[in-house]
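*Asks:* Predicted model and sequence below, questions to follow.
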Amino acid sequence: GDYPENMKTLVAKNNPPGTLPEFTEEEKNSLRGSADFLGLDYYGAYVVHNNTALTERDCAFLCDSEVLVFEDWRSRFDDDGSPIVYYGLKRVLKYIKDTYSSPEIFINELGSSFKADYNDAQRVNFIQGHLSQIQRARSEFEVQISRIHLFTLMDGLEYESGFDQTYGLFKTDYLSSNKETSIRRSGEWIRDWDRTFPQDSPPSEPIQMENLFFGSATSAFQHESILVADRAWTVWDLMGIRGPQNSANILDHMEDDAKLMKKMKMTHYFFTISWARVFRNGFNETAEPDQEILDLYRKYIEVLKANDITPIVGLYNWDLPRDVVTEFDGWTTDEGVAAFVRYGKTVVDEYGELVDYWVTLNQPQRELMMSYELGLTPPLRPVGAAGVQAYKVAKNMLLAHTDVYKYYKDQNYDGKMGIALSGDFHVPFSQSE
C-alpha cells in the first residue's frame, strides 16, 4: 500500500522535500490487494553498477536509484535492440514470488523483433528458450504462472520506431489494401507445437503445460488501423505518428484473426480498447461514450469467444487522448485520473458480464520513463520537471488503477482484474556493487 522504504530514502536524499507525493492512509488501504493477478511484460535483463556522483540531473528514477543501467556486451540482441537473456525471466519470476507472496502471474507480453518475411528462426529460438525458463520457474520455485501471451500476433506500429520493427508471428503487408497477413516460421512452430515444454536436454518424458494457458496479444493504437476521424486524437498524433491508419487493421479482420488463433491452438488473447475511440466525442464529466464503438468492441469479444478464445481486455496501453492532456494535463492531475476512471467504469459496465480477465494499465512504467522521466515521447514534459512530474504521475496511475479495480469488485463480477508491469531483470556489474 506504499512505496518501498529504500525508494523513500533515496528520493528524500536526492531531492527537495515533497518530491515524492505521499499516499493518504485511505489510499494505502485501497492500494493493498488491488490486483487479482500481476501481469508481467518481459523484454530482457540488464547490468547495473553504482552511480552516486550525480551533479547535473534532470531525472527522477534514473538518478534516484543511484545506478547506471546498460546492456551486457555478452548478450545477444533482437532487431529492436532488446537484450535476449533467457535466465532473466526465471529470476524475475522468482523475485516476484518471493517479494509479493506468490501472486498469480500472467506473462502479458513476451516478444522480440526479428526482421524476416518468413524464416524468423531466431524468434523460434527466443520462444523456446523462454518457455524452458518458465518451466524451470514453475518446477524449481513453484511460481504461479497461469498464462503466457506472445507479443504480437501480427506486425504493428512500434510507436516512435514506426513500422520498422517486426514482432509478429504473422507478417503484415502494410501496402496491401486489406492489410493482408502471412504466417512466419515462428507462427508455424506455435501451430504445430505439442504444448510440452522445450528442454535444454530432452527429459525421459515430455513436461506437459498443466494449468498453463497460451495465447497472443495486440494493442489498440498499434494494431487497429482505423482513421483518426473514427477516434479522438492521441498524444502520438501530435508527433506526426499516424501509423494506425496504415497498421494491421484488426477490427476489420476480427473473424479471420480469431479463426487463425483457434487454428494455432491458442486459448487466450490480450487486446486493449482505445480510450480515444470510446470517448471520441469528449472527455469531461458530461461526455457520453460512443455506443457504435462500444458495439464494435462487443462484437470483437463475442467473435473471440465464439472461437473458444478467452479475451483478456486491457483498458490502456500508452495511448493517452490528446484532449485529456490539453483539458486536464493528463496523468499529472486528479482531473486526468478522474477522466480515466470514468472511461474504465464505462467499459466495465459494458462488458463486465462478457469478460473474465481485465488489465487496467499495461506497462505504465514505460510511459512514465519515456514521457515524464526522459521527455522523449509524448506528452513531452517540460525541461527540468522530471522529478516532480514523474513521481506525481506514478502515484496517479496507481490510484487510477485502484479506483477502477475497486469499482469492478463492487459490481460483484466473477472475473479477475490486475495491472501489467514491465519486469526487466537487473544484474550487478560486480559483487562489490
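*Replies:* Cool, the structure landed.

*Asks:* I'd say residue 147 and residue 269 touch.
*Replies:* No: counting by C-beta atoms under 8 Å, residue 147 stays clear of residue 269, with 10.4 Å between them. (Glycine included, C-beta is placed from N, CA and C.)

*Asks:* Are there residues contacting both of those two? Which ones?
*Replies:* Counting by C-beta atoms under 8 Å, 6 or more residues apart in numbering, the shared contacts of residue 147 and residue 269 are 215, 312.

*Asks:* quick one: the residue sitting nearest the centre point of the chain from residue 422, how far?
*Replies:* Centroid check for the chain by C-alpha atoms, centre = their mean gives residue 362 as the closest residue, at 3.4 Å. Relative to residue 422, residue 362 is positioned 9 Å away (C-beta to C-beta, to the nearest Å).

*Asks:* same deal with residue 80?
*Replies:* Going from residue 80 to residue 422 by C-beta to C-beta gives 14 Å.

*Asks:* same question, residue 250
*Replies:* Using C-beta to C-beta, residue 250 is found at 23 Å from residue 422.

*Asks:* In terms of neighbours, single out the busier of those two.
*Replies:* residue 250 (25 against 18; other C-beta atoms under 10 Å).

*Asks:* Any stretches of this protein with poor pLDDT?
*Replies:* Residues of the chain that meet the criterion pLDDT under 70 lie in 52-58, 72-74, 199-207, 225-229, 239-248, 382-387, 431-433.

*Asks:* Ignoring the adjacent residues along the chain, who's closest to residue 415?
*Replies:* Nearest non-adjacent residue to residue 415, counting by C-beta to C-beta, 6 or more residues apart in numbering: residue 356, 3.8 Å away.

*Asks:* what about that neighbour, neighbour count?
*Replies:* Quick note: residue 356 (other C-beta under 10 Å) scores 16 neighbours.

*Asks:* Identify the residues contacting it.
*Replies:* By C-beta under 8 Å, 6+ apart, the contact list for residue 356 reads 310, 414-416.

*Asks:* Kindly report the same for residue 9.
*Replies:* For residue 9, no contacting residues are found, by C-beta under 8 Å, 6+ apart.

*Asks:* Going by secondary structure, it is in what exactly?
*Replies:* For residue 9, the enclosing helix or strand under DSSP states H and E is helix 5-14.

*Asks:* how far is that helix from where the chain is centred?
*Replies:* Taking C-alpha atoms, centre = their mean, to the nearest Å, one finds the center of helix 5-14 at 27 Å from the center of the full chain.

*Asks:* Next, the buried residues of that helix.
*Replies:* Using 16 or more other C-beta atoms under 10 Å as the test for burial, helix 5-14 gives 10-11, 14.

*Asks:* which one of those is nearest residue 298?
*Replies:* Residue 298 has its nearest neighbour among those in residue 11, at 43.8 Å by C-beta to C-beta.

*Asks:* nearest spatial neighbour of the closest one, skipping sequence neighbours?
*Replies:* Leaving out its chain neighbours, the residue that sits closest to residue 11 by C-beta to C-beta, 6+ apart is residue 20, at 4.4 Å.

*Asks:* Where does that neighbour sit: helix, strand or coil?
*Replies:* Counting by DSSP: H, G, I helix; E, B strand; the rest coil, the backbone at residue 20 sits in coil.

*Asks:* which residues touch the residue lying closest to residue 262 once chain neighbours are set aside?
*Replies:* Among residues not flanking residue 262 along the chain, residue 307 sits closest, at 4.5 Å (C-beta to C-beta, 6+ apart). Residue 307 makes contact with 258-259, 261-262, according to C-beta under 8 Å, 6+ apart.

*Asks:* And for residue 324, the neighbour number?
*Replies:* Residues near residue 324, counting by other C-beta under 10 Å: 26.

*Asks:* List the buried residues for the helix or strand hosting it?
*Replies:* For residue 324, the element it lies in under DSSP H and E is helix 322-328. Neighbour counts using 16+ other C-beta under 10 Å place 322-325, 327-328 of helix 322-328 among the buried residues.

*Asks:* ok, so of the residues you listed, who is nearest residue 155?
*Replies:* Nearest to residue 155 out of these is residue 322 (C-beta to C-beta; 25.6 Å).

*Asks:* from what I can see the closest one touches residue 235, true?
*Replies:* Yes: between residue 322 and residue 235 there is a contact under C-beta under 8 Å: 5.5 Å.

*Asks:* Could you turn the buried ones of the contacts of residue 356 into a PyMOL selection?
*Replies:* Buried subset of those, written as a PyMOL selection, criterion 16+ other C-beta under 10 Å:
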select buried, resi 310+415+416
